[in-house]
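Asks: Based on what follows, work out the 3D shape:
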Amino acid sequence: MEQTEKRIGIWVFSGTGNTLKCAEALAAALTERGVPVGLHEIADGAETATERDLVICYPVYGFNMPRILKPFCRHLTGGGNVWFLKTSGEPLHLNDNSSAELIRILRKNGYAIKGEFHYIMPYNMVFRHTDEMASRMWETAQMRISDAANKIANGEETPIKAPLSAKIVSALCRIEHWFYPRNGRLFRVDPKKCVRCQQCVKHCPTKNITFENGRFRFGKNCIGCVRCSFNCQTGAIKIGLIDFMRVNGPYDFTRDPKSAVPGRFCRKPYESYFADKRD
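Replies: Model (predicted):
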């Protein structure tokens with residue numbers, strides 16, 4: 001136990017893999033700097049961290065954290081230092097308040113909040129970025145993660161600030177925590193496309209999908225990660241009322257990032273983010 005507590009525990013919830021990709025890069029960067037780390041995935045929110053100092057990693061959903069993070073943080077009692085690593089599809093300050101609920105929980109449990117690192121990775125919902133944009137996002141994230149590893153290794157503290165607009169938007173969008181369990185029950189599988197591989201059943205983080213008597217059933221524990229629909233090899237899963245925002249299939253991060261051109265959506269914030277390689 002004593003040896004484990006000396007490590008930095010990197011605990012990650014990742015919907016479709018982008019956040020895990022960044023967490024793995026951070027773990028490698030810290031290891032290169034001689035910092036022992038333990039990398040763990042948050043599967044159901046009931047896990048207990050044995051490390052004292054933590055990096056909690058998650059994707060931003062609707063300007064908030066996934067609700068699976070709340071029970072996980074409530075279980076933490078080590079009282080050490082905490083950094084956040086989060087990913088989102090757009091470099092907007094409206095994402096700046098996403099950790100607020102977790103910060104309140106962790107401070108109540110005796111933790112010191114040391115800072116937050118925000119990386120832009122391609123959307124798994126809303127619309128599909130080009131593979132070139134995905135590669136540029138990943139290239140920039142890796143550069144920034146190197147800087148973040150230096151700060152964590154040195155125990156640096158960076159204040160987390162959120163503008164009033166971010167606080168208002170995150171409060172309004174928190175209705176997603178109510179919406180997703182209900183919308184999840186509206187998910188459907190197209191029998192003409194489905195090949196019955198059941199990968200959606202095997203990899204649902206909340207065990208919300210079952211296959212019984214030749215039929216797929218969706219329960220009330222959906223958290224909106226869209227891991228099932230995004231990774232469906234035939235695009236057979238429809239995601240209820242928000243199916244018009246569905247994105248299907250993995251990105252190719254090996255494309256030439258220099259050929260990426262931001263579109264009209266958030267063009268200036270993307271260009272500013274790409275130009276700044278340090279956290």
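Asks: Mind picking out the helix or strand in this structure with the poorest mean pLDDT?
Replies: Sorted by mean pLDDT, DSSP states H and E, the helices and strands of the chain end with helix 2-6, the least confident at a mean of 55.
Asks: What's the first helix or strand after that helix?
Replies: strand 8-12 (DSSP states H and E).
Asks: Which elements pack onto that following strand?
Replies: Here strand 8-12 touches helix 18-32, strand 37-41, strand 53-59, going by 3 or more Cβ pairs under 8 Å, 6 or more residues apart in numbering; DSSP states H and E. In this view, the C-beta of every residue, glycine as well, is placed from N, C-alpha and C.
Asks: residues contacting residue 139?
Replies: residue 257 (Cβ atoms under 8 Å, 6 or more residues apart in numbering).
Asks: Tell me the secondary structure at residue 168.
Replies: Following DSSP: H, G, I helix; E, B strand; the rest coil, residue 168 is assigned to helix.
Asks: That one: how many residues sit nearby?
Replies: 13 (other Cβ atoms under 10 Å).
Asks: Distance check, it against residue 23.
Replies: Using Cβ to Cβ, to the nearest Å, residue 168 is found at 29 Å from residue 23.
Asks: Give me whichever of the helices and strands packed on strand 8-12 is most buried.
Replies: Of the helices and strands packed on strand 8-12, the one with the most neighbours on average (mean count of other Cβ atoms under 10 Å) is strand 53-59, at a mean of 26.
Asks: Give the bridge partners for the most centrally placed residue in the chain, please.
Replies: Closest residue to the average C-alpha location of the chain: residue 59 at 1.9 Å, with Cα atoms, centre = their mean. Judged by DSSP bridges, the bridge partners of residue 59 are residue 87.
Asks: That one contacts residue 87, doesn't it?
Replies: Yes: if you go by Cβ atoms under 8 Å, residue 59 and residue 87 touch, sitting 5.0 Å apart.
Asks: Which residues are in contact with each of the two?
Replies: Both residue 59 and residue 87 are contacted by 18-19, 121, under the criterion Cβ under 8 Å, 6+ apart.
Asks: Of the residues you listed, just say which sits nearest to residue 28.
Replies: residue 19 (15.1 Å; Cβ to Cβ).
Asks: Just the pLDDT for the closest one.
Replies: At residue 19, the model reports a pLDDT of 98.
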